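Asker: Provided below are the primary sequence and the corresponding predicted coordinates.
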Amino acid sequence: MSGDPSNNIHSLVAQLQTALKQPHVCVQSKRRVLPSAVYAVASGRINQAARSYIESQLNDARLRFLDRDDLISKIDEICPELWAGIISDISPYLRALASRVEDLSISTDANLVHSSIGAYAAASDGRYIDVKLSYQTSKLIKRSGKTVEDFDFEEKSGTVVLSGNAVRALLLGDAGSGKTTLLIRLAYLVAKKSINSTENYRVPVFARAHELVGLDGSSIFSTLESIVMKLHGVDKVPFTVDDLSNGRVVLLIDGLDELANAVDRQDVIDFANRFIHEYPKSSIAIATRPYTSISQIEGIAKFKRYRISPLSIRDVEKLLDFSADKEKTESKEWKREILRKLDNVHGIELNPLLVVVFSVSSGLEKRDIPANITELFAKFTELMLGRWDEKKGISQQYQARVKEYLLAAFAFQLQSRGESRFLREAFVDFCSQRLSEMNLLADLETITNEIIYRSGLLRGDEEIEFKHHLLQEYFASKGIPNLEHVKKVISDEWWRNSIVFYFGAQPDSINNLLEIVTDGATSAEMTYLTIGLAVQACYLSRLDDRVEVWKWVVDGASKAIGSELSQPNEQYPVTAFLTKYLEGRDCVALVGVDKDSAGASQWALEEGCIAPEQAELRRFWYAVALLELGRFDQLQRLLRDRPLANDMLVTAIHLGCHFALHVRSISSESRGAAEAIMSMLDSRVASLRHVITKELRGQLLEYRKGGVVALDEEDPCDYSETSTD
């Protein structure tokens, strides 16, 4: 970009265009072929504007860039003595990690899913969608001349969560919300920033939770060394004990929820706590789904909780541009229809996995977009197991149904054993046995290779796992043999998504759910969450039958939350109650209960034949259903005409409206109604704000007059306003 920038860049574009179109003679085959890659190399820096302009002009995935930073890292790798060995061990590892992200983001693989849902590709500068993290804050303020504590929910970019020293972060997100991609993005940013630094560098270590199980006698250093060497294949460990001691190592742990065994999960948290105890200056972030059992792990309260927020509509549009072909992304009608359908999909919040699966699975026609999450995954997996290659003209085609059958049976076994990883040899042996029974053993090698290497559903070579745990849960649902097995595991949250998928594959099977809920052995308190989601998957069944199951779910949720109110948690009564509310709000959001013809409102508001406490809890959950369905007008009338007596229930509704305003995408009319509801309830909630803040004191630290103290320490001083981090 020296001299005349305009002429320089146009000249470069012309040269690159010529190089991309110029065939050369391949030494091995003696045939004339086009280059597989063309590099634009500069001794200075190629800024992002120049890169974007060149890419837009050429629109060719074979284009690569090498500038000052890249060249210096190459010198680091090949000729480190130039730097007197200062960072020769660290830089190759950091460069390998950063390159893995960048190379995958411009993959020329015809199967877009390999780069679209691959967490490394999605973490690159050009493709990354910045997720937001919501978290609680507390501060001391003066109100009416008195110093009081107030709390609020704030939101920040996920990529800044590692800012600062000695970070202890627990990243909570539902299936497909982008947890893995966020961790890899954090590792990538740390690596890029540190590649050429001789002093202020940090070394990211990305680990899967299963790699940290059963390490009670192993040293922290040797464990992390083994993980790094295995993942990136570097010759030397890229950090020292001194780096650990001085806070220059960042540990990123993914997939805690993918361990079904409580003992294994405890092992991981024990390792994490041992890490921060031995090396208190280092930072750590752990990603997991927000299962109830996760919060009960001993020692996990030491980590600050962040919740990954659903994607905004703007983020979804950007992601659609990355994950679909050019013809689709230029179609406004296609985008509008995708966004409309995404807004109504049951079971999963608006998240990257759902958007990508939707965009890849659906054609340009509206009728090709499924209305049910299970049907969506069915189309997606059908595409990956055969239809995709069929469209690309691959001659070796095996019926997708055979591969689907093998994956379903194998995933069911994995889920039954509480596992998520397996050896390639074990999978091949399993397929060998099943194919032999079907007289297809001669096709064993081809079929297993297509599943493992071409489907895009699995990752790994010798040690393999599904690319996303939700895919394992989907295939496991297809392997469920009968309703009796569903009854057996319905109270186990490890099976929750698989059961929802099971009923989603039979959306007219409401009678099976009715059979389960009328079975005396089914505990409403233990199963209402799973059944509440499953009934929403039965969208082809009669609404009045679904409403009958919904009533059972509401009564189950009422028992669970009633127990929390009558026998409150001794240490955290309000936050324990709110946790129950947050867990249960999705399970009661059955589309249609807001209609008068459904009879749900009459049942929920009936008081004559039940105890007053039970009647109020029914009314509460009906109010929650209206809130989650976006019927703020009806909710406002309900709370005005039939107000809730219990302040805890009122606080939950107030919190739900707060989330709707600050996280969800709702209309201006709904926003007005939600704000009016919050104003109407403010005086009832005020008394509990102080209680919640007091409950959280033991989990928060506060910066006061130059020092950090625990909030549960008494401080007689009067502070007009002190922020909490």
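Answerer: Yes, it's here.
Asker: which elements pack onto the lengthiest helix in the chain?
Answerer: Ranked by residue count under DSSP state H, the longest helix found in the chain is helix 668-696. Using 3 or more CB pairs under 8 Å, 6 or more residues apart in numbering; DSSP states H and E, the elements in contact with helix 668-696 are strand 132-143, strand 146-157, helix 573-584, helix 632-641, helix 647-662. The C-beta positions use only the backbone N, C-alpha and C, and glycine is treated the same way.
Asker: so which of those is nearest residue 510?
Answerer: For the helices and strands packed on helix 668-696, the distance to residue 510 is smallest for helix 573-584, at 20.7 Å, taking CB to CB.
Asker: what does that closest one contact?
Answerer: 292, 295, 528-529, 532, 557, 560-561, 564-565, 568-569, 621, 624, 648, 651-652, 655-656, 688, 691-692, 695-696 (CB atoms under 8 Å, 6 or more residues apart in numbering).
Asker: and the end-to-end length of stretch 448-456?
Answerer: Start to finish, the residues bounding stretch 448-456 are 13 Å apart (CA to CA, to the nearest Å).
Asker: so how far is that stretch from its chain's centroid?
Answerer: 24 Å (CA atoms, centre = their mean, to the nearest Å).
Asker: quick one: mean pLDDT over it.
Answerer: Stretch 448-456 shows a mean pLDDT of 79.
Asker: ditto for stretch 548-563
Answerer: The average pLDDT within stretch 548-563 is 93.
Asker: show me which residues of the longest helix of the chain are buried.
Answerer: 670, 673-674, 676-678, 680-681, 684-685, 688-689, 691-693, 695-696 (16 or more other CB atoms under 10 Å).
Asker: can you check stretch 578-587 too?
Answerer: Under 16+ other CB under 10 Å, the buried positions of stretch 578-587 are 578-581, 583-587.
Asker: which residues touch the nearest residue to residue 656 once chain neighbours are set aside?
Answerer: Spatial nearest neighbour of residue 656, excluding adjacent residues (CB to CB, 6 or more residues apart in numbering): residue 627 at 4.7 Å. Contacts for residue 627 (CB under 8 Å, 6+ apart) come out as 585, 635, 653, 656-657, 660.
Asker: what helix or strand does residue 627 sit in?
Answerer: helix 612-628 (DSSP states H and E).
Asker: now that helix, how far from the centre of its chain.
Answerer: For helix 612-628 - counting by CA atoms, centre = their mean - the centre lies 30 Å from the chain centre.
Asker: alpha carbons only: can I get that helix in CSV?
Answerer: What follows is helix 612-628, C-alpha atoms only, in CSV (Å, rounded to 0.1, in the frame of the first residue of the first chain):
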residue,chain,number,x,y,z
PRO,A,612,-55.9,-21.3,47.5
GLU,A,613,-52.1,-21.9,47.4
GLN,A,614,-52.5,-24.4,44.5
ALA,A,615,-54.9,-22.1,42.7
GLU,A,616,-52.4,-19.2,42.8
LEU,A,617,-49.6,-21.4,41.5
ARG,A,618,-51.8,-22.5,38.6
ARG,A,619,-52.5,-18.9,37.9
PHE,A,620,-48.8,-18.1,38.2
TRP,A,621,-47.8,-20.7,35.6
TYR,A,622,-50.5,-19.6,33.2
ALA,A,623,-49.1,-16.0,33.6
VAL,A,624,-45.7,-17.4,32.8
ALA,A,625,-47.1,-19.1,29.7
LEU,A,626,-48.6,-15.8,28.5
LEU,A,627,-45.3,-14.1,29.1
GLU,A,628,-43.3,-16.6,27.1
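Asker: show the average pLDDT along it.
Answerer: For helix 612-628, the mean pLDDT works out to 93.
Asker: got it, and stretch 500-507?
Answerer: Mean predicted lDDT for stretch 500-507 stands at 92.
Asker: any chance of the buried residues of stretch 578-587 in TSV, with pLDDT and distance to residue 169 too?
Answerer: As requested, those are exported to TSV (pLDDT from 0 to 100; distance: CB to CB, whole Å):
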residue	pLDDT	distance to residue 169
578	89	21
579	87	19
580	89	24
581	92	24
583	86	22
584	89	26
585	90	25
586	87	25
587	90	28
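Asker: which one among these gets closest to residue 384?
Answerer: For the buried residues of stretch 578-587, the closest approach to residue 384 (CB to CB) belongs to residue 586, at 27.7 Å.
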